[in-house]
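In: Just to be clear, the model below is a prediction. Sequence and coordinates:
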Amino acid sequence: MSNGKTDHAQGSSLDDNVPRKIDDVDVRAATNKNEDLDSLVASSDTGGRSPSKPVAYFIAAVALCWSLFQLWIASPFPFQVGWGVFNTTESRSIHLAFAMLLAFLAFPGERSKVQLGLGVAVPIVIGALFMSGATGVLPVWYVPLITIVVVACVLLPSPDDRVPINDWLLAIAGSLTAIYLYVNYDAISNRVGAPIEIDFMVSTLGILILLEATRRSLGPALMVVASIFLVYTFLGRYMPDIIAHKGNSLSEVVNHQWITTEGVFGIALGVSTSFVFLFVLFGSLLDKAGAGSYFINVAFSLMGHMKGGPAKAAVISSAMTGLISGSSIANVVTTGTFTIPLMKKVGFSSERAGAVEVASSVNGQIMPPVMGAAAFLMVEYVGIPYFDVVKHAFLPAVISYIALVYIVHLEAAKAGMEGLPRSYEPSPWLRWLVGMAFGVAAICALSFAVYYGMGWIRPVFGENAFWVVFGLLVLAYVGLVAYAARFKSDAMEVSEEITVLPPPGPTVKSGLHFLLPVVVLIWALMVDRLSPSLSAFWASAFMIFILLTQRPLFALFRKSETFSGSFTAGVIDLIEGLIAGARNMIGIGIATAAAGIIVGAVSQTGVGSALADVVEVLSGGNLLAILFLTAILSLILGMGLPTTANYIVVSALLAPVIVTLGQQNGLIVPLIAVHLFVFYFGIMADVTPPVGLASFAAAAVSGGDPIRTGGIAFFYSLRTAALPFLFIFNTDLLLINVDIPHGVFIFIVATVAMLLFAAATQGWFLTKSRFYESVALLLVAFTLFRPGFWMDMISPPYVEREPALLVETAAEVPAGEQLRIRVDGVDSLGDPLSFVALVPIGEGATGEEKLLNSGIETIERDGKMIIDNVAFGSPAAEAGLDWDQEVVRVLQPADPPSKYWMFIPALLLLALVVWAQRGRAGRTAPRTSMRPGTA
């Protein structure tokens, strides 16, 4: 049975392996290392238990059924046949039942003192709380009994090589409590808000078992955080005044957390059920087909010969692998087992080689179009289509990867490294340039042909257009496979014996058919604007077709093996891919369910608004301070929580606070910018020492120190940490309300700025930088990123007017432009409220008419300008204005010079740095001179 994402780390390929001379000691050492890495990935992603064959087959069968169930509910077939249609609550219930069952069968219980102590203490605390609120609701014997049973199941042995009876009991009980909502859906829907005795019994047991499943599959951190929020829900009246609440009864908690879709079965688990599983499954199938090895081979053939080439190839291959892998750790092992030894070969130290791999692998989660699970949660939390999430995330992700390639180049330049030698004579640069231009032109022509061809097919063929498109896809696929069969891509296995790189042409051509499923996915998401789940279903369905036919077609075109044998191998690949996809989802399914406890507690207790008050006090109302506090909180939580859970917790608690404080500071921060801010710092979870698991995985490959590896990786990731602060204050980076020419301009300028930022933090530009040169580069980078910061000091963008002049100011502002109005008032709870509203000015001949068409009626009272009425659904109402608010400031748009004039002094300062360093670059040799073959 496959362990999923680690399969292609072993160098699997459709082609024959390249013979290499490796002695028995090397083979044994490599085998032991691979087994250790497989164990590391399994323990964190898919479950580290290796039971006997009957149990292993049972686990595989359950995982296979889970994948088939998810494919079924995502497909249009249930609605076509009128059978097997599940509503959202029912599908979430079945989804969690599968996750709970597999969590206890696949993940053994940790035996460390800390893990064991937490595993016993938390259920006791929660059990005591349930007991305290269960008087008159549950039988007297029930709560003590289930608490004792759960604690006993945790205390009893849970070995790696078998599934003991206590784990079977937890697995079965957990899955039954989860599927309870599906089995009793009609009865429960008729008594929402009034749970009966069986509801209490199932819910209390389910929450206890879910906490233990969380501890096993994700570690103790998320379990502890969820338990704290549960304790807070019950004992709110005993908390400090600033976060105190009345406290909730057992009936209220059970109804909110388990019986309805406000807690465990809420939005987070819904996203896991509807979106995330299909994308993880798609990546698993694509990986099983050999796409992971293909991406690595392509990256090395194209960039391996450059200065520090293996490190640059590691960055690019990790970016491409990020398309099919949502796990930072699996990404590290997938590409790192091959890239890290080669980085060491050209001169990188063990720690730096591991850090490059960690920094590039972790960023795979922010790389569109297939981002991490948190990206799909944004669709629900922000309320925008997935297409828009991808559009907003695209520019920062690409810039981040370009900057990492440049960081690697600077590291190589410092040490005088070279790349790996090529096994072919490179083409003259003019021929290469012509070939590149021809390739770009061909791709553009093909894109236009497909786009307009699809527009012609649909009207002509109507309902049969689907089959026509599918037929064209199959023809393209068969043609690409026939073309690829003519080339034999070297299967680069994990070995330090590789001394030359293969030619890029045959390598690229040997797997072009792997791009078709990605094209299908992108087309469905971006062009047809299908839902993410339906887009992933069609892409996965096409991948299933490829897995079943790929090997037979290669056998046919290469005449290398029998058709029946290759078809059987394809079926096995498909089954293993389906199993691996489900096993990769265990942790995500449990994480989203446990995070639902936190989200449910926040909505039930109102702690979000209380925490906003705490944060506002700590930050002094300063937006930059609260951004730093949010970043620090994300990093701290990230030391124990997976990215998805970290994002859910921090966004639920602090995203509204950032938006509110920004508005109070006169900065309108789009909600998507805040959520991407939280997401970016959430992905640092797997980097941040001392518990960044991706750093430990990389250190296991490189043989370096994991803490030092994590420290260097964190330093390399500063560019990722800087981008969120920049796009909060300059939303152009997120392509918000930006046209294509302006977007291209922003991309070029932001890329140059990020490269300069990387050079400044690395202390090396054309040569080793002096302190003041690094400061100058940082200043230039900041100016390119945010030129308006300096221009606003020289020429303010707004002219402040007296509140009494609101009508006159509105008369001067052209219709369609925005007028900034700061108002004071009270919120719905009667607390003081102060914020800046951006009000689009309506049409009209006078100021009164323009304000009226914007939805505002004003009146003067005691020398104050008061908003007397706001029309329902008007632009003013959407901006947050309400009746009886006092206008305290009016900011009229000015006509300042273009902020891009600030580029002139910035570029002049850059020219001075270049001039100063060019004079030294010719006289300064690299500190060390390391060549291929030296470690």
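Out: Sure, I can see it.
In: the helices in the stretch 1-150 of the chain, which residues?
Out: With helices called from DSSP state H, counting those that start in this stretch, the stretch 1-150 of the chain shows them at 24-41, 53-74, 77-81, 88-106, 113-132, 142-155.
In: residues in contact with the shortest one?
Out: What it means is helix 77-81. Contact with helix 77-81 is made by 72, 84-86, as judged by Cβ atoms under 8 Å, 6 or more residues apart in numbering. Backbone N, C-alpha and C define where each C-beta goes, glycine included.
In: For those residues, point out the one with the lowest pLDDT.
Out: Across the contacts of helix 77-81, no position has a lower pLDDT than residue 84, which has 86.
In: ok, that residue touching residue 71?
Out: No - applying Cβ atoms under 8 Å, one finds residue 84 not in contact with residue 71, separated by 11.4 Å.
In: Near residue 786, how many residues? Count them for me, please.
Out: 20 (other Cβ atoms under 10 Å).
In: What about it? Give its phi and psi, please.
Out: Residue 786 adopts backbone torsions of phi -140, psi 70, taken as degrees, to the nearest 10.
In: what does residue 822 give?
Out: The phi/psi pair for residue 822 (degrees, to the nearest 10) is phi -90, psi 130.
In: How about residue 260?
Out: Dihedral angles (degrees, to the nearest 10) for residue 260: phi -100, psi -180.
In: which residues sit against stretch 300-316?
Out: The contact list for stretch 300-316, computed with Cβ under 8 Å, 6+ apart, reads 296, 299, 317, 335-336, 339-340, 342-343, 345-348, 353, 356-357, 360, 401, 404-405, 408-409, 411-413, 417-422, 426, 492, 501-504, 507-508.
In: For ChimeraX, what selects the buried ones among these?
Out: Here is the ChimeraX command that selects the buried residues among the contacts of stretch 300-316 (16 or more other Cβ atoms under 10 Å):
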select :296,299,317,335,336,339,340,342,343,345,346,347,348,353,356,357,360,401,404,405,408,409,411,412,413,417,418,419,420,422,492,501,502,503,504,507,508
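In: one step back: mean pLDDT for the helices of the stretch 1-150 of the chain: which is lowest?
Out: Of all the helices of the stretch 1-150 of the chain, the minimum mean pLDDT falls on helix 24-41 (a mean of 49).
In: Neighbour count for residue 84 and residue 71, which is higher?
Out: Higher neighbour count among residue 84 and residue 71: residue 71, with 20 against 12, using other Cβ under 10 Å.
In: my guess is the more buried one contacts residue 543, does it?
Out: No - shown here, residue 71 and residue 543 do not form a contact pair, counting by Cβ under 8 Å, at 11.0 Å.
In: how near is residue 542 to residue 295?
Out: Per Cβ to Cβ, to the nearest Å, residue 542 is found 18 Å from residue 295.
In: Please say which of these two ends up with more neighbours.
Out: For residue 542 versus residue 295, neighbours defined as other Cβ under 10 Å are more numerous around residue 295 (26 against 21).
In: tell me the phi and psi of that one?
Out: According to degrees, to the nearest 10, residue 295 has phi -60, psi -40.
In: measure the residue lying closest to it once chain neighbours are set aside to residue 719 for me?
Out: Spatial nearest neighbour of residue 295, chain neighbours left out: residue 320 (3.9 Å); criterion: Cβ to Cβ, 6 or more residues apart in numbering. As judged by Cβ to Cβ, residue 320 and residue 719 stand 19 Å apart.
In: Neighbour count: the two, which is higher?
Out: residue 719 (24 against 21).
In: For that one, which non-adjacent residue is spatially closest?
Out: Here the residue nearest residue 719, using Cβ to Cβ, 6+ apart, is residue 403, at 4.5 Å.
In: ok, now which ones touch the one you found?
Out: By Cβ under 8 Å, 6+ apart, the contact list for residue 403 reads 719, 751, 754-755, 757-758.
In: From those, pick the one nearest residue 524.
Out: residue 751 (29.1 Å; Cβ to Cβ).
In: Need phi/psi at that closest one.
Out: Main-chain torsions, residue 751, degrees, to the nearest 10: phi -60, psi -50.
In: again with the one 3 residues further on
Out: When quoted as degrees, to the nearest 10, the phi and psi of residue 754 stand at phi -70, psi -40.
In: Please shift the residue numbers so they start at 151 in all later answers.
Out: I'll keep to 151 as the first residue from here, and by that count the last item is residue 904.
In: shouldn't it be in contact with residue 549?
Out: Yes - in this structure, residue 904 is within contact of residue 549 by Cβ under 8 Å, at 5.0 Å.
In: Can you check which residues contact both of the two?
Out: Common neighbours of residue 904 and residue 549 (Cβ under 8 Å, 6+ apart) are residue 873.
In: what's near enough to touch residue 1042?
Out: Contacts for residue 1042 were tallied using Cβ under 8 Å, 6+ apart; they are 948-951, 959, 962-963, 969.
In: Just to be sure, residue 426 is in a strand?
Out: No - per DSSP: H, G, I helix; E, B strand; the rest coil, residue 426 lies outside any strand segment and is helix.
In: So for it, what's the pLDDT?
Out: 81.
In: What's the separation between it and residue 654?
Out: Distance, residue 426 to residue 654, by Cβ to Cβ: 34 Å.
In: What of residue 324?
Out: Residue 324 sits at a distance of 50 Å from residue 654 (criterion: Cβ to Cβ).
In: before we move on, what about residue 226?
Out: For residue 226 relative to residue 654 (Cβ to Cβ), the value is 41 Å.
In: Kindly report the same for residue 1014.
Out: In terms of Cβ to Cβ, residue 1014 sits 72 Å off from residue 654.
In: re earlier: got the phi/psi numbers for the residue nearest to residue 869?
Out: phi -60, psi -40.
In: and what of residue 968?
Out: phi -100, psi 140.
In: right, and it touches residue 1028 too?
Out: No - look at residue 968 against residue 1028 with Cβ under 8 Å: they stay out of range, at 11.9 Å.
In: For burial, what's the neighbour tally of residue 397?
Out: If we define neighbours as other Cβ under 10 Å, then residue 397 has 16 of them.
In: How about the contacts made by residue 681?
Out: residue 536.
In: Please report how far it lies from residue 430.
Out: According to Cβ to Cβ, residue 681 and residue 430 sit 17 Å apart.
In: count of neighbours near residue 996?
Out: When neighbours are counted by other Cβ under 10 Å, residue 996 comes out with 12.
In: which element is the closest residue to it other than its chain neighbours on?
Out: Spatial nearest neighbour of residue 996, excluding adjacent residues (Cβ to Cβ, 6+ apart): residue 961 at 5.9 Å. Remark: residue 961 resides in helix 956-962, with elements defined by DSSP states H and E.
In: List of residues touching that helix?
Out: Applying Cβ under 8 Å, 6+ apart, the contact partners of helix 956-962 are 951, 969, 971, 991, 996-998, 1000-1001, 1004, 1008, 1015, 1037, 1040, 1042.
In: Emit the ChimeraX select command for whichever of these are buried.
Out: Burial among the contacts of helix 956-962 is assessed by 16+ other Cβ under 10 Å; the matching ChimeraX selection reads:
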select :951,969,971,991,997,1000,1001,1004,1008,1015,1037,1040,1042
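In: and which of the contacts of helix 956-962 is nearest residue 802?
Out: When these are compared against residue 802 (criterion: Cβ to Cβ), the nearest one is residue 971, at 29.9 Å.
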